[in-house]
Structures are given as structure tokens and as C-alpha cells.
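A.B. asks: Next come a sequence and a model predicted from it.
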Amino acid sequence: MFVDSRRREGAAAFRHIFHVQMDGATSDRESPLMKYNYVALILGVLLILLVVLGNILVCVSVLTERSLQTATNYFIISMSAADLLLALLVLPLFAYSEFLGGKWTLGMTLCDALMTMDVMLCTASIFNLCAISVDRCIAVLVPLKYNQNQFSSRQLGLIAATWVLSLGVASPVIFGMNQVADRDLSTCKLEDDRFVVYSSVCSFFVPCPIMLLLYFWMFWGLRRRRSRTPLKDPCHRRSFCSTLVLALCHAKSLTDSVSDGEARTQRREGQRNRPKTVMRSRKASRVSRRERKAMKVLPVVVGAFLACWTPFFVVHVTKVFCGWCTVSPTLISVVTWLGYVNSAVNPVIYTAFNTAFRNVFHKILSRWM
């Protein structure tokens, strides 16, 4: 009797241990499947496609359409190149990590390379916007000089400076600043809080006020020029030929009171001096109209950039300085995705607010299809 009870207890214990082991093995097999984030994978692939197709369309439009080959649009090509590299080099790895539930399985060397490219390309985007604002400021405040240069060494130097400075901001990561003693090998992020603050200041909190100040200066310059332009100035209301005819008629009317030689002198002076003034005035007016047209699109681009990236930098800096604040991984993931969405927004802005881009986009798409 006692032996039978001991046997029954032993069998029950064996069955309990067996079921626990089997349940544990089953949960081990099922847990990775439960952690996969398929929504992040689908959205990541769609975002990559939109960024690549949209920015390739921007680059092809500017490079193939002569009417779009302006100094500002070459800066836009530079910014589109940064967005393309972000979609090809950063977004696939980030989407893969999000698909695994935020885990990183590809090694720390590739992680540091990913962080370097991420910081450099995001910095290049905002530095290109700053370069555009500097170039537009010159175009508004010194229109005659700017119009003579078109795409000059100044624009080329600004574009080169944006990429060199962006690489300089991101280089500490690749040189080992992300290698900290207690590093979590299962996640890929910026580990050094000092670098988080440094990169945020250099990439966002310093360039943004400068850029906004330059745009305010440009609007002020355009408003001042418009207020100083007479409403009924013949130089703005008549063509070059009609103004020249008026100058000749005015010179001819002087023949009643002066000699023929003096009249010829007056006509020569009218032909030589008056047209130059007219051409300069018309030239300044033409540049001013073009800059006002460009200013309708660029503030929208800057506003979209600020709306997409401000939450990202604010959250990361708050996480560093506010030790008692709880910043969830979900919030960090959301603001990061929001920043990456900006790379797909710019082509939509060009299509919606710029008629020339919209017409060229339609022409290229109809040709491809």
C-alpha cells in the first residue's frame, strides 16, 4: 500500500516535470514569433520605396529639365542625395531591428557604422537647408550680383561644406565614442550621453535658429524692396523697346530749341544711358519675382523638416538631462520614424507647391509608364 502510493506520487511528479519542460520548449519556440513586429516591417518597406522613388524623381527632373537647372535646385539635389542614402543605408537596418522588436543581432561594428551614417545624413539634410537659406539670402539682398553667377563656385563650396561638416559631426561614433564599458549588446543606439547632446546641438539646435533668422531677413528684404518700388515706374511697366522709343521721341522734341548736333548728342545719350538703367531695373525686378516665387516653397520645406525632426531631438535631449523622466522605447521609436518620414515628404511638397516640378514629374512618369 505504501509502495503503491509512492509509485503514484513518483509518476505524478514525472508527468508534472515533463509537462513543464514541454511547455517551456513550446514557449521558447513561440516567443520569437510573438515578438516580431510585422507592422514595422511593412511600413519600413513602404517608406523606403517612397523615399527612393520620390527623390530619384527629383534628381532626374533637375538633371534632365533645363528650366529646373537653377542654383536652388542643385541644393535640392544635394538634399535628395542625403535622403536617398538614408533610405538605402540606414532605413533597411533600422526596419530590420524594429521587426525584431528593437533587438540588434548584427554586431557592434555594423551598429556603429549605422549610427555614423544616421547622424551624418540627418545632419546633411539640415545643413543643406541652411545652405539654401544662405544662398537665397544672397539672391534676395544682392540680386544683380547673384543673377550673374548662376551655379558658381560659391554654391559648390556651400554644398561641399555641408557634407564635410556633417561627416565631422558624426565621425566621433566611428572612432570609438560609442564604445562604453557597460554597453548593451542587444540594442543599437548612441551610448554616450555627451555625444547625444553634442550631435543634437550641432545638427539641430544651432542650425535651426540661424536658418529661421536668415528667412526672416529675406522676407524683410523682399518687403522693403516692394515698398521702395514705385507703383507707376515706367521701368517696371514698359518693355525695353518701348522705353527706348520714348527716350528717342523725347530727344527729337528737343530739336525745336537746340541745334541738330545737340539733338543728336541727346539721342546718343538717351540710347546709351537710359537703356542701361532700364535693363538694371528690369533685371532686379525679374530676380525679385523669381525669389518671391521660390520663397513660397522653401518655407514649407523648412516647416515640414522642423515638424518631423523637432520631437526626435527634444525627446533625446530630455532623456539625457531629465534623469527622473520616463521615456519609453515606444516613444523613441515613434519620433525616430517621424523623422525618417521627412525624407519622403519633400518630393510631395515640390509637386504640390511648384508648378515647374509638377509638370516635369508628370512628363517623366508618363514617359516611364
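C.D. replies: Here it is on my side, so go on. Residues are numbered from 1 along each chain as shown.
A.B. asks: going forward, measure contacts between C-alpha atoms and count neighbours the same way
C.D. replies: OK.
A.B. asks: For the helix or strand K363 falls within, C-alpha coordinates in CSV please.
C.D. replies: Secondary structure here is read from DSSP states H and E; on that basis K363 sits in helix 355-368. Once non-C-alpha atoms are left out, helix 355-368 reads as follows in CSV (Å, rounded to 0.1, in the frame of the first residue of the first chain):
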residue,chain,number,x,y,z
THR,A,355,4.2,74.1,-60.9
ALA,A,356,7.5,73.5,-62.8
PHE,A,357,8.3,70.4,-60.7
ARG,A,358,4.8,69.1,-61.1
ASN,A,359,4.8,69.4,-64.9
VAL,A,360,8.2,67.7,-65.1
PHE,A,361,7.2,64.9,-62.7
HIS,A,362,4.1,64.3,-64.9
LYS,A,363,6.2,64.2,-68.0
ILE,A,364,8.7,61.8,-66.6
LEU,A,365,6.1,59.5,-65.1
SER,A,366,4.1,59.4,-68.3
ARG,A,367,7.3,58.5,-70.2
TRP,A,368,8.2,55.7,-67.8
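A.B. asks: in this protein, what spans have low per-residue confidence?
C.D. replies: Counting by pLDDT under 70, the chain shows low-confidence ranges at 1-34, 143-151, 228-296.
A.B. asks: Which secondary structure elements does the helix holding K363 sit against?
C.D. replies: The helices and strands touching helix 355-368, judged by 3 or more CA pairs under 8 Å, 6 or more residues apart in numbering; DSSP states H and E, are helix 38-64, helix 329-353.
A.B. asks: how about these in a markdown table, adding mean neighbour count and distance to I210?
C.D. replies: Formatted as a markdown table, the entries for these read as follows, by neighbours: other CA atoms under 10 Å; distance: least, CA to CA, whole Å:
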| stretch | mean neighbour count | distance to I210 |
| --- | --- | --- |
| helix 38-64 | 18 | 26 |
| helix 329-353 | 18 | 20 |
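A.B. asks: got the CA positions of stretch 55-71 in PDB?
C.D. replies: Included here for stretch 55-71 are C-alpha records, laid out as PDB according to Å, rounded to 0.1, in the frame of the first residue of the first chain:
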ATOM      1  CA  ASN A  55      14.000  61.500 -54.500                       C
ATOM      2  CA  ILE A  56      15.100  59.800 -57.700                       C
ATOM      3  CA  LEU A  57      12.300  61.600 -59.500                       C
ATOM      4  CA  VAL A  58      13.500  64.900 -58.000                       C
ATOM      5  CA  CYS A  59      17.100  64.300 -59.100                       C
ATOM      6  CA  VAL A  60      16.200  63.100 -62.600                       C
ATOM      7  CA  SER A  61      13.800  66.100 -63.100                       C
ATOM      8  CA  VAL A  62      16.500  68.700 -62.300                       C
ATOM      9  CA  LEU A  63      19.300  67.000 -64.200                       C
ATOM     10  CA  THR A  64      17.200  66.500 -67.400                       C
ATOM     11  CA  GLU A  65      15.000  69.600 -67.500                       C
ATOM     12  CA  ARG A  66      16.800  72.800 -68.400                       C
ATOM     13  CA  SER A  67      14.200  75.000 -66.800                       C
ATOM     14  CA  LEU A  68      14.800  73.400 -63.400                       C
ATOM     15  CA  GLN A  69      18.600  73.700 -63.500                       C
ATOM     16  CA  THR A  70      18.900  76.600 -61.100                       C
ATOM     17  CA  ALA A  71      21.200  77.200 -58.100                       C
END
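A.B. asks: could you point out which element follows the helix or strand encompassing Q155?
C.D. replies: Here Q155 is covered by helix 153-172, with elements defined by DSSP H and E. Sequence-wise, the next helix or strand downstream of helix 153-172 (DSSP H and E) is helix 193-200.
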